[in-house]
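# Structure here, sequence nowhere to be found:
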């Protein structure tokens, strides 16, 4: 995780995405850049529908308890994005991916679920490139990506 765009940041084999993806004003502002093994992503400031603001509000369910945004949670997001264990990631919709990381919180088994969107984000009629992380939350138990139901 980086607070500025690393020189090695890329969108897989998509040169246009790599060159075009940048921080912008308001909801388009990039808060963190994540490097992945195969494809990199980011999290934008966002709004009520995606990004950091969406997660801080508790996602679409308004459940703030399972939508942490502290430093420990961000580390779990990074682990989920770079987890290639069997059933740890899957395509939810075209360009939309669910990434998971299994962990324990005390004696409780949990799975961090991170949902990303590879589509471009347009703000104020300007395309800022990859949308990035749209939500992140934990669910009880150790589950695969299909077990990441709305939290």
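Received, thanks. Model, not experiment: these values are computed from the prediction.
# Which positions in the longest helix along the chain come out as buried?
Within the chain, and with DSSP state H defining each element, the longest helix by residue count is helix 71-81. Going by neighbour count (16 or more other C-beta atoms under 10 Å), the buried part of helix 71-81 is 73-74, 76-81. Every C-beta, even on glycine, is put in place using the N, C-alpha and C of the backbone.
# With pLDDT and distance to residue 66 added, can I get those residues in a markdown table?
Shown next, in a markdown table, are the buried residues of helix 71-81 (pLDDT from 0 to 100; distance: C-beta to C-beta, whole Å):
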| residue | pLDDT | distance to residue 66 |
| --- | --- | --- |
| 73 | 96 | 10 |
| 74 | 95 | 15 |
| 76 | 97 | 12 |
| 77 | 96 | 13 |
| 78 | 94 | 18 |
| 79 | 96 | 17 |
| 80 | 96 | 14 |
| 81 | 94 | 18 |
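# what angle do the helix or strand where residue 103 lies and helix 71-81 make?
In this assignment (DSSP states H and E), residue 103 forms part of strand 96-105. Computed by axes from the mean of the first three to the mean of the last three C-alpha atoms, to 10 degrees, the angle separating strand 96-105 from helix 71-81 equals 130 degrees.
# So what touches strand 96-105?
Strand 96-105 has contacts (C-beta atoms under 8 Å, 6 or more residues apart in numbering) with 76, 79-81, 83, 88-92, 109-119, 134, 138, 142-148.
# Repeat the analysis, applying 7 Å as the threshold.
Strand 96-105 has contacts (C-beta atoms under 7 Å, 6 or more residues apart in numbering) with 76, 79-81, 83, 88-92, 110-117, 142, 144-145, 148.
# Can you give the strand pairings for it, parallel or anti for each?
strand 89-93 (antiparallel), strand 108-123 (antiparallel) (DSSP bridges).
# could you give the mean pLDDT of the first one?
Per-residue pLDDT over strand 89-93 has a mean of 92.
# Please apply the same query to stretch 40-54.
So the average pLDDT for stretch 40-54 ends up being 96.
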